[in-house]
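Chemist: give me a model of this one.
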Amino acid sequence: MATYIAAIDQGTTSTRAMVFDHSGREVGRHQLEHDQILPQAGWVEHNPIEIWERTWSVLMTVMSKLRLSAGDLAALGITNQRETAVVWDRRTGRPYHNAIVWQDTRTDRIAAALDRDGRGDVIRRKAGLPPATYFSGGKIAWILDNVDGVREAAERGDAIFGTTDSWVIWNLTGGVNGGVHVTDVTNASRTMLMNLETLDWDDELLSFFDIPRRMLPRIAPSSSPEPYGHTTDAGPLGGRVPITASLGDQQAAMVGQVCLAAGQAKNTYGTGNFLLLNTGEKIVRSENGLLTTLCYQFGDAKPVYALEGSIAVTGSAIQWLRDQLGIISGAAQSEALARQVPDNGGMYFVPAFSGLFAPYWRSDARGAIVGMSRFNTNAHLARATLEAICYQTRDVVDAMEADSGVHLEVLKVDGGVTANELCMQIQADVLGVDVVRPVVAETTALGAAYAAGLAVGFWANPDDLQANWQEDRRWSPQWSAEQRATGYAGWRKAVERTLDWVDV
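Modeler: Next comes the predicted model:
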């Protein structure tokens with residue numbers, strides 16, 4: 001009897017496998033980091049082979065720790081870092097180049113050219129996205145134009161593209177021996193190549209990037225009763241398990257937070273921050289710098305859309321304090337260090353390492369620390385880093401309210417940074433609303449599990465999921481309205497100092 005659902009969460013800094021029971025309770029996990037490859041300023045890459053090896057290892061380990069076999073799993077769901085582009089040879093299984101990560105800015109000239117000649121307006125209308133280095137289309141074009149032999153291989157059908165969900169599913173289902181080349185609507189909606197209305201690759205958009213259609217995966221619903229494929233007997237699960245769900249990580253978190261009704265929103269705090277608002281079956285075009293994106297599609301049901309505010313650098317700013325500056329030894333220490341001071345001491349840190357994403361969309365911006373005096377210490381910098389996470393979220397919330405007319409009364413939060421209780425208190429103070437964390441804070445994997453389980457009847461309907469959601473901790477605002485306004489005014493001044501730094 002299959003009594004569990006498994007999920008793979010292939011993220012920006014690590015890959016984890018998690019197993020859940022019918023109550024949505026985590027019964028086991030294993031997680032491994034992978035290398036961040038930084039060939040030059042603004043370039044961020046991953047090794048796809050390392051990602052697949054980590055995926056294999058975490059699945060094997062969690063199954064072994066729990067003493068489970070493939071027969072114990074009703075289904076497997078996938079969630080993944082979005083926009084990161086992998087191009088590989090379907091005959092050999094070898095990537096032609098390292099994966100180009102969503103944070104990478106090497107395609108800034110491609111994005112700028114699209115906006116200069118009017119093609120950007122077509123992309124906004126059809127794909128719901130502004131031309132930006134963030135999305136996959138420019139990354140595919142860069143590989144086609146800069147890696148010897150790839151364009152020719154793509155034209156004859158040997159070179160194929162996928163975001164990391166496609167790469168993982170292809171390998172899980174056999175790789176060179178019949179691997180399934182597929183993605184879902186949420187990941188496809190992050191490429192600048194999919195039409196939001198038709199849910200298919202758009203020939204006009206493909207022509208803007210000169211990308212051969214045949215190198216792209218089939219687009220499927222996010223949750224599919226007809227499995228994308230099955231794991232192989234020789235794979236890490238040691239048997240055939242149906243793969244019935246795939247969602248980009250932020251859309252998976254929406255499902256994990258059970259934000260399944262129009263007007264519901266969540267914010268995920270990971271490498272970056274991602275705030276999504278469910279807009280139901282309606283496509284809402286943003287006038288305030290947000291993205292229009294797919295939220296999910298379950299089986300044959302109509303697709304559900306969302307407004308999204310994407311922030312490039314939040315949790316990775318804490319990693320920067322650890323890895324580049326060495327002022328903390330671990331992410332958890334950032335809270336203790338920041339608690340040594342009552343405020344930021346007039347210091348603001350805008351971590352625009354990859355330019356600024358929503359709502360600014362300025363690829364010319366770069367990081368800045370402003371307002372410093374000799375009074376400031378590393379504790380103030382730690383505090384300013386936590387505040388930067390929260391002020392960037394405020395930027396997006398304000399834009400989202402302007403676009404949708406929905407005023408957030410409560411913000412549901414999830415992701416690793418929510419373990420930092422000082423950061424969550426600052427978030428409530430900066431927004432002026434309650435911030436609520438669920439019992440299962442790692443909701444990306446849970447959302448993938450929910451979508452996979454709904455497809456096979458493990459959960460009968462979304463009401464079952466709602467019954468599983470439980471509040472763990474709530475933070476209420478402590479700042480006065482004057483403190484909130486003064487702090488945010490300082491932040492906006494700091495953002496202005498980061499602009500026009502890079503010529504594009």
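
Chemist: how about stretch 171-184: buried residues?
Modeler: 171-175, 179-184 (16 or more other Cβ atoms under 10 Å). Bear in mind the C-beta positions are built from the backbone N, C-alpha and C, glycine included.

Chemist: now these in TSV, with secondary structure?
Modeler: Below are the buried residues of stretch 171-184 laid out as TSV (DSSP: H, G, I helix; E, B strand; the rest coil):
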residue	secondary structure
N171	helix
L172	helix
T173	coil
G174	coil
G175	coil
G179	coil
V180	coil
H181	coil
V182	strand
T183	strand
D184	strand
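
Chemist: which of those sits closest to T107?
Modeler: Taking Cβ to Cβ as the measure, T107 lies nearest T183 of those, at 19.9 Å.

Chemist: identify the residues contacting that closest one.
Modeler: 162-163, 165-166, 217-220, 246 (Cβ atoms under 8 Å, 6 or more residues apart in numbering).

Chemist: of the residues you listed, which is the most crowded?
Modeler: Among these, S246 has the most neighbours (other Cβ atoms under 10 Å), with 33 neighbours.

Chemist: if that residue is in a bridge, with which residues?
Modeler: Applying DSSP bridges to S246 yields these beta-bridge partners: I78.

Chemist: which other helices and strands contact the worst-scoring helix or strand of the chain on mean pLDDT?
Modeler: When the helices and strands of the chain are compared on mean pLDDT, DSSP states H and E, helix 462-468 comes out lowest with a mean of 85. Applying 3 or more Cβ pairs under 8 Å, 6 or more residues apart in numbering; DSSP states H and E, one finds that helix 462-468 makes contact with helix 443-456.

Chemist: show me which residues of the helix it packs on are buried.
Modeler: Those would be 443-456, for helix 443-456 by 16+ other Cβ under 10 Å.

Chemist: list just the nearest of the residues you listed to T292.
Modeler: G447 (20.1 Å).

Chemist: list the contacts for the closest one?
Modeler: By Cβ under 8 Å, 6+ apart, the neighbours of G447 are 79, 247, 251-257.

Chemist: swap in 6 Å and give it another go.
Modeler: With contact set as Cβ atoms under 6 Å, 6 or more residues apart in numbering, G447 has these partners: 252-253, 255-256.

Chemist: any weak-confidence spans in the stretch 1-150 of the chain?
Modeler: 1 (pLDDT under 70).

Chemist: follow-up on the earlier one: dump the contacts of T183 to a markdown table, plus pLDDT.
Modeler: Compiled in a markdown table, the contacts of T183 are given as follows (pLDDT from 0 to 100):
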| residue | pLDDT |
| --- | --- |
| G162 | 97 |
| T163 | 97 |
| D165 | 97 |
| S166 | 98 |
| P217 | 98 |
| R218 | 97 |
| I219 | 97 |
| A220 | 97 |
| S246 | 97 |
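
Chemist: any idea what G28 is bridged to?
Modeler: V19.

Chemist: burial count for it?
Modeler: 18.

Chemist: so it sits right up against D21, yeah?
Modeler: No. Look at G28 against D21 with Cβ atoms under 6 Å: they stay out of range, at 10.0 Å.

Chemist: nearest spatial neighbour of G174, skipping sequence neighbours?
Modeler: T232 (5.2 Å; Cβ to Cβ, 6 or more residues apart in numbering).

Chemist: and the one you found, its phi and psi?
Modeler: Note on T232: its backbone torsions stand at phi -90, psi 160 [degrees, to the nearest 10].

Chemist: quick one on the thing from earlier: which two from the contacts of G447 end up farthest apart in space?
Modeler: A253 and V255 (7.3 Å).

Chemist: list the buried residues for the helix or strand where L206 lies?
Modeler: Using DSSP states H and E, L206 maps to helix 203-209. Buried residues in helix 203-209, counted by 16+ other Cβ under 10 Å: 205-206, 208-209.

Chemist: between these, which sits nearest S329?
Modeler: F209 (43.1 Å).

Chemist: my read: the closest one touches F135, true?
Modeler: No. Using Cβ under 6 Å, F209 makes no contact with F135, being 10.3 Å away.

Chemist: now for those two: what residues contact both?
Modeler: Joint contacts of F209 and F135 (Cβ under 6 Å, 6+ apart) do not exist.

Chemist: and the contacts of T183 as TSV, adding distance to G128 and secondary structure?
Modeler: Shown next, in TSV, are the contacts of T183 (distance: Cβ to Cβ, whole Å; DSSP: H, G, I helix; E, B strand; the rest coil):
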residue	distance to G128	secondary structure
G162	21	strand
T163	17	coil
D165	19	helix
S166	21	helix
P217	19	coil
R218	21	strand
I219	15	strand
A220	19	strand
S246	19	strand
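
Chemist: elements contacting the longest helix seen in the chain?
Modeler: Using DSSP state H, we find that the single longest helix of the chain is helix 378-404. On a contact count with 3 or more Cβ pairs under 6 Å, 6 or more residues apart in numbering; DSSP states H and E, helix 378-404 meets strand 273-280, strand 304-311, helix 333-338, strand 348-350, helix 421-431.
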